[in-house]
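K.L.:
Next come a sequence and a model predicted from it.
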Amino acid sequence: MSLAPIVIFCYNRPAHLTKTLNALKNNLLAKASNVFIFCDGAKENATPADLKNINEVAEICNNLTGFASVEVIKAAANKGLQNSVIGGLNYVLEKFEKVIVVEDDVVTSPYFLQFTNGALEKYKDNTKVLSIGSWNYYYNKGFNFFNHMPDTIAWGTWRNRWKLFERDGKLLYDQLVERNLMHKFNLGGRYNFENMLKLQYEGQISSWAIRWTAVAVLNDTLSLYPKVSLSQHIGFDANATNSFENDYNKNIELAQSNISDLDIEVKEDPASIEAFLYIENEIKNSPSYLKKESPLHKLKANIAKHLPYTLKQALKKIIRKEPEKELSGWFGNYKNWEAVKKECIGYDNDTIFEKVKQATFKVKKGEAAFERDSVTFDKIEFDEKLLSLFTTILKENNNSLTVLDFGGALGSVYFQYRQLLGKNVSINWNVVEQGHFVDFGKKEMQDNELHFYHSPQEVVNKTKIDVLLLSSVLSYLEEPYKMLNALMALSIKYIVIDRNLFLSNEERLTKQIVPKTIYEASYPCWILNEEKVTETLLSKYELVDTLDPYNGLEVVLGDKKAYFKGHIFKLK
């Protein structure tokens, strides 16, 4: 078996590079491997500290030993990582049939080269396999696996696979849309890859990796991953482009023996995608990530970059204090609605209405994909089962869909799903809301498809309804079961309860405090008894399916755990 050359890309992080090289030298196949190192040139605005680090990196590379050969390629000017990677791989793969790629901020297991070279040999003729990965921080099932997302920090591939790489991000984007593969690219509509690709071709971010991922989806290829991680990303510090405080892989234990079981079927392991989404969701909901991503934190960080060190330290002494804990969530177990209402700032608050209004305007103007509770989102998120229900009704009704969206704000769900339903369909979306929402909706938002009403009866008197949508609304009604029974009496074919907070065999009336990052408000909120709600509906409807709107998200209430869930019911 011939060994693949190792390609390393570096710039101005000598400490990271040293750790990366030392780890590679400890690999059992290091002495027989050829190494190519691409050192990027200095940026035009490089500081004296940057130039010092760049020179240190060059010196480390020039003095490197422990491999069969070392070739150092220095760029005269700064290319940036994406151009370095694309150009460097093209250069090396003109000479070799395969390659192993390592970033300058990765520590590898002593068995990384064995696994990667073995897999490159095993799957060299199987073009279904795009690449060989090494990083596994999210999935621990005791066996190697395939999924369609390629590794981009320490990985291997072949010349004929790399030829599939496409520089034109807009072309990739258009092909994903034309071939109806955007949903898969976005991991079932649950991740932000589409937006990343769009930002790349618009020139707002620099990324070869997002294009490589698009190539994988368009060519229906897979990447192999080890059951135990063979690499650890150490680039989560202040100098890293992907830095944030929550280093989610710092406790990875690297493989301590060779992983040789490569005789597995080349097919995607769906559970590995779910595991990835679960861990990513945990990261993005962690306090440190949310703090790091907040506009205020970014502004402060940007200002801090330009402060002299002594001034920065002096300011820290003056302003350092413990931050106030932000209280949000569900509290108490009240005896009646009036008791909790007295303590709340309700949903009819003018400030809240204004925020919802502005967020919805952004959606209507195309500046955001959709909004929920005044929070705008850059990409469409949707529930596959709910979308399937809408499309089923369209097929049943000759491409016509009529919705009664009870408590639908200014059309949040309408805007969220409308573009997914296609152009050549007839949509009649009727929102029932509080008076000031309806008045504004009629004046500013209403069109041929989206309408606003004060009561469900108004809608039923004008048109036949296909589906009643109760999205995060029953819990905020003083008498939810009375309203539910009244709505059931309308005999609408489908009823959908979505994004509802439930307890099992128990019910609580709580005070919900909204995080101040959304808006400052609190209101009465029922955490409903799931079994009681279901039994009420089963008297006239059959349960068709259940929804998991937030991927199993739970809310701790002292000794109990509430959970978000949805249900689809069909008239018997």
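P.N.:
Looks like it came in fine.

K.L.:
show me what contacts Lys570?
P.N.:
493-494, 541-542, 544 (Cβ atoms under 8 Å, 6 or more residues apart in numbering). (Glycine included, C-beta is placed from N, CA and C.)

K.L.:
Filter those down to the buried ones.
P.N.:
493-494, 541 (16 or more other Cβ atoms under 10 Å).

K.L.:
Now do the helices in the stretch 51-200 of the chain.
P.N.:
81-93, 112-122, 159-162, 169-178, 182-185, 193-201 (DSSP state H, counting those that start in this stretch).

K.L.:
Nearest to Glu274, out of the ones you listed?
P.N.:
Ranking those by their distance to Glu274 (criterion: Cβ to Cβ) puts helix 182-185 first, at 14.3 Å.

K.L.:
got the contact list for that closest one?
P.N.:
Applying Cβ under 8 Å, 6+ apart, the set of residues contacting helix 182-185 is 148, 176, 189, 193-194, 197, 213-214, 217.

K.L.:
Go ahead and confirm Gln232 touches Leu254.
P.N.:
Yes. Applying Cβ atoms under 8 Å, one finds Gln232 in contact with Leu254, separated by 6.1 Å.

K.L.:
Among the two, which residue is more densely surrounded?
P.N.:
Between Gln232 and Leu254, counting by other Cβ atoms under 10 Å, Gln232 is the more crowded of the two (23 against 18).

K.L.:
and Val467, what are its bridge partners?
P.N.:
Val403, Tyr494 (DSSP bridges).

K.L.:
is it true that it touches Asp405?
P.N.:
No. At 9.1 Å, Val467 and Asp405 do not qualify as touching, with contact defined as Cβ under 8 Å.

K.L.:
element containing Leu386, please.
P.N.:
helix 384-396 (DSSP states H and E).

K.L.:
Roughly how far does the residue nearest the centre of the chain sit from Phe146?
P.N.:
Centrality entry for the chain: nearest residue to the mean C-alpha point is Tyr191, 3.5 Å, by Cα atoms, centre = their mean. Distance, Tyr191 to Phe146, by Cβ to Cβ, to the nearest Å: 18 Å.

K.L.:
got it, and Ser109?
P.N.:
Ser109 is 20 Å from Phe146, by Cβ to Cβ.

K.L.:
out of those two, which sits in the more crowded spot?
P.N.:
Remark: of Ser109 and Phe146, Ser109 carries more neighbours, 27 against 21, as counted by other Cβ under 10 Å.

K.L.:
Neighbours of Gln419, how many?
P.N.:
Neighbours around Gln419, by other Cβ under 10 Å: 12.

K.L.:
rewinding a little: most neighbours, which of the contacts of helix 182-185?
P.N.:
Ala214 (26 neighbours).

K.L.:
wait, isn't it in contact with Lys198?
P.N.:
No. Taking contacts as Cβ under 8 Å, Ala214 lies outside contact range of Lys198: 11.0 Å.

K.L.:
which one of the buried ones among the contacts of Lys570 is nearest Ala42?
P.N.:
So of the buried ones among the contacts of Lys570, ranked by how close each gets to Ala42 (Cβ to Cβ), first place is Tyr494, at 62.5 Å.

K.L.:
right, so the helices of the stretch 51-200 of the chain: which one is the most enclosed?
P.N.:
helix 112-122 (a mean of 23; mean count of other Cβ atoms under 10 Å).

K.L.:
Low-confidence regions, the protein specifically.
P.N.:
Along the chain, segments meeting pLDDT under 70 span 137-141, 235-251, 278-327, 346-353, 363-380, 516-519, 551.

K.L.:
residues touching Asn485, list them.
P.N.:
Thr536.

K.L.:
A helix includes it, no?
P.N.:
Yes. Asn485 forms part of a helix when assessed by DSSP: H, G, I helix; E, B strand; the rest coil.

K.L.:
can you tell me how far it sits from Leu410?
P.N.:
Taken as Cβ to Cβ, the span from Asn485 to Leu410 is 27 Å.

K.L.:
again, but for Phe382
P.N.:
Separation of Phe382 from Leu410 (Cβ to Cβ) stands at 18 Å.

K.L.:
How about Leu487?
P.N.:
21 Å.

K.L.:
cool, Leu93 as well?
P.N.:
Taken as Cβ to Cβ, the span from Leu93 to Leu410 is 53 Å.

K.L.:
Also Thr536?
P.N.:
From Thr536 to Leu410 the distance is 29 Å (Cβ to Cβ).

K.L.:
Those two - which one has more neighbours?
P.N.:
Leu410 (26 against 16).

K.L.:
Excluding sequence neighbours, find me the nearest residue to that one.
P.N.:
In space, and not counting its chain neighbours, Leu410 is closest to Thr360: 4.2 Å by Cβ to Cβ, 6 or more residues apart in numbering.

K.L.:
In contact with the one you found, which residues are there?
P.N.:
Counting by Cβ under 8 Å, 6+ apart, the residues that Thr360 touches are 371, 409-412, 415, 445.
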